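[1] pasting the structure only:
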């Protein structure tokens with residue numbers, strides 16, 4: 001029996017998909033040369049004044065609405081004071097006592113058990129720049145392209161009790177952001193990143209234990225591994241009669257360990273106070289209702305509809321709705337006449353493999369939903385076998401070819417002519433007299449051997465059903 005209960009809360013920073021930064025007109029484009037997207041405002045020059053990007057407010061409020069938060073009619077920006085080379089102003093413009101959104105939730109399911117994870121708050125803030133350390137030059141550089149890029153920070157309640165729940169929560173949160181089209185959810189580029197606060201307490205104790213904040217978690221796998229390590233580390237300390245120190249720790253993926261970075265700051269350490277350069281943000285009731293009316297169908301609702309309308313399993317529906325463009329691809333394929341279950345199977349196997357290998361999203365695939373539906377229809381009609389379809393799928397995907405045209409050009413149509421197949425069946429039986437005798441002697445599992453030989457002889461183009469029928473007749 002476990003001696004300790006794990007308690008986890010998560011802070012997620014999501015970069016908003018605005019074209020310009022939160023307080024200036026500089027571009028938010030990723031991957032440009034260092035310090036290309038910088039101006040006097042985001043570089044913290046004296047005397048400049050910030051101007052709030054209205055789209056940031058809209059996106060933050062929509063995320064609040066989508067997660068059941070109260071969107072406050074008035075919210076206030078605050079200065080979070082600390083010194084670091086990538087923070088040119090000496091403070092980060094954020095929100096503290098009066099955030100834009102509060103008291104929401106996200107529902108998750110782990111191992112068939114549903115659970116609601118509370119959201120304490122969602123607030124708007126600017127990102128910091130980036131320090132670049134060069135061992136070769138023995139120098140450190142500062143890139144301010146990311147400074148002033150708009151973020152929302154989503155702070156959960158400490159409701160999670162294990163790494164699996166954290167990963168499920170993060171995936172659900174990311175899916176909502178992507179469905180809303182307010183964040184691209186790219187963890188590798190830092191558009192969606194999280195810190196996890198992990199603590200242990202003796203089972204049955206109401207009071208929380210001392211927490212450690214884990215940073216540098218840039219993939220779901222790293223989240224899982226880092227929390228597992230941290231739980232074991234803290235349990236070992238407590239078992240030895242020691243005390244867990246409140247601190248910030250970095251996850252080292254190469255070593256699969258967490259290492260101390262610094263002591264954990266509290267809110268008073270940042271000396272928050274309202275930003276005198278920014279007026280309070282006021283959202284009219286009519287504006288909020290307009291934004292509410294613009295919300296798309298969200299992942300949870302779409303998942304339930306896929307199960308109800310298309311007869312998919314919960315697992316299939318969850319996989320297909322995890323990304324908005326995958327869900328839309330699936331619906332388009334079904335609308336084009338594909339059987340829902342067959343479309344789901346092809347998408348989760350062949351299509352997903354090709355998308356991952358090519359590094360493209362479903363919406364950008366040359367093989368359109370309509371062409372996938374056409375391929376499935378060719379199989380259903382007996383024009384080609386499922387095996388042939390799998391063999392040609394990479395070519396269809398790479399070039400976006402019409403399946404029917406490709407099959408005709410390559411002469412891959414399934415052989416369903418009894419006379420044409422009968423000679424192939426007779427040839428295989430004549431070449432394997434020992435196996436024929438064994439089959440007739442009761443070794444009926446040899447049927448698979450005969451079918452395989454015939455498929456090989458016909459280069460996979462024989463109609464499997466007709467082959468079985470002819471074999472049964474010939475073998476008696």
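    Done, it's in. Treat the numbers as computed from the prediction; the structure is a model and nothing was measured.

[2] Wait, residue 277 touches residue 49, no?
    Yes. Counting by C-beta atoms under 8 Å, residue 49 is a contact partner of residue 277 at 5.5 Å. All C-beta atoms are positioned from the backbone trio N, CA, C, and that covers glycine.

[3] Neighbour count for these two, which is higher?
    residue 277 (13 against 9; other C-beta atoms under 10 Å).

[4] Give me the phi and psi for that one.
    phi -90, psi -10 (degrees, to the nearest 10).

[5] residues contacting it?
    49-50 (C-beta atoms under 8 Å, 6 or more residues apart in numbering).

[6] can we see that at 10 Å?
    23, 48-51, 77, 79, 93 (C-beta atoms under 10 Å, 6 or more residues apart in numbering).

[7] Kindly state the pLDDT recorded for it?
    The model reports residue 277 with a pLDDT of 96.

[8] Roughly how far does it sit from residue 38?
    19 Å (C-beta to C-beta, to the nearest Å).

[9] What of residue 311?
    Residue 311 is 54 Å from residue 38, by C-beta to C-beta.

[10] of the two, who's got more company?
    residue 38 (20 against 13).

[11] how would you label that one: helix, strand or coil?
    Per DSSP: H, G, I helix; E, B strand; the rest coil, the local secondary structure of residue 38 is coil.

[12] got a list of what it touches?
    21, 24, 26, 88, 129, 143-148.

[13] Residue 121 now?
    Residue 121 neighbours (C-beta under 10 Å, 6+ apart): 64, 69-70, 72, 95-96, 99-104, 153-157.

[14] So for residue 402, what's the nearest residue that isn't a sequence neighbour?
    residue 371 (6.5 Å; C-beta to C-beta, 6 or more residues apart in numbering).

[15] sorry, that was for residue 130
    Closest to residue 130 by C-beta to C-beta, 6+ apart is residue 143, at 4.7 Å.

[16] and that neighbour, how many neighbours does it have?
    18.

[17] Surely it is in contact with residue 36?
    Yes. Using C-beta atoms under 10 Å, residue 143 makes contact with residue 36 at a distance of 9.2 Å.

[18] related to what we said a few turns ago, quick one: the residue nearest to residue 402 from residue 320, how far?
    18 Å.

[19] that's a strand at residue 366, yeah?
    No. Looking at residue 366 with three-state DSSP, it is coil, so not inside a strand.

[20] So what does it look like in phi/psi?
    Dihedral angles (degrees, to the nearest 10) for residue 366: phi -70, psi -30.

[21] Might one say that it is in contact with residue 398?
    Yes. Counting by C-beta under 10 Å, residue 398 is a contact partner of residue 366 at 7.1 Å.

[22] shared neighbours of the two, anything?
    Joint contacts of residue 366 and residue 398 (C-beta under 10 Å, 6+ apart) are residue 358.

[23] Sketch out the helices for the stretch 1-150 of the chain, chain order is fine.
    54-66 (DSSP state H, counting those that start in this stretch).

[24] that older thread, using neighbour counts, give me the buried entries of the contacts of residue 121.
    64, 69, 72, 95-96, 99-102, 104, 153-157 (16 or more other C-beta atoms under 10 Å).

[25] dump the residue contacts of the closest residue in space to residue 175 that isn't next to it in sequence.
    Distance criterion C-beta to C-beta, 6+ apart; nearest residue to residue 175, sequence neighbours excluded, is residue 299 at 4.3 Å. Counting by C-beta under 10 Å, 6+ apart, residue 299 touches 66, 171-172, 174-176, 178-179, 317-318, 321-324, 327.

[26] among these, which two are most distant?
    Of all pairs drawn from the contacts of residue 299, the greatest distance, 18.9 Å, lies between 66 and 317 (C-beta to C-beta).

[27] So this protein: which segments form each domain?
    With domains defined by automatic domain parsing, the chain comprises 4-288, 297-410, 418-475.

[28] Tell me which stretches of the stretch 101-250 of the chain form strands.
    Using DSSP state E, counting those that start in this stretch, the strands of the stretch 101-250 of the chain run over 101-110, 113-126, 130-134, 139-143, 150-156, 192-202, 212-217, 247-252.

[29] other SSEs contacting the fifth one?
    Looking back up the chat, that one is strand 150-156. Applying 3 or more C-beta pairs under 10 Å, 6 or more residues apart in numbering; DSSP states H and E, we find strand 150-156 packed against strand 4-15, helix 54-66, strand 91-95, strand 101-110, strand 113-126, helix 163-180, strand 192-202.

[30] what's the answer for the last one, then?
    Using 3+ C-beta pairs under 10 Å, 6+ apart as the contact criterion, the neighbours of strand 247-252 among helices and strands are strand 192-202, strand 212-217, helix 220-239, strand 257-263.

[31] Would you mind telling me which of these is nearest residue 409?
    Taking the helices and strands packed on strand 247-252 one by one with C-beta to C-beta, helix 220-239 is closest: 42.5 Å.

[32] What is the burial count for residue 229?
    20.

[33] give me every residue that touches it.
    Residue 229 touches 163, 198, 214, 249, 251-252, 255-258, counting by C-beta under 10 Å, 6+ apart.

[34] of the residues you listed, buried ones?
    Applying 16+ other C-beta under 10 Å to the contacts of residue 229 flags 163, 198, 214, 249, 251, 258 as buried.

[35] ok, of those, which one's closest to residue 2?
    residue 163 (14.4 Å).

[36] How much space separates the residue nearest in space to the middle of the chain from residue 164?
    By C-alpha atoms, centre = their mean, the chain has its centre lying nearest to residue 171, at 5.7 Å. The gap separating residue 171 from residue 164 is 11 Å, by C-beta to C-beta.

[37] what does residue 342 give?
    31 Å.

[38] which one of those two has more residues nearby?
    Comparing residue 342 with residue 164 by other C-beta under 10 Å, the one with more neighbours is residue 342, at 19 against 15.
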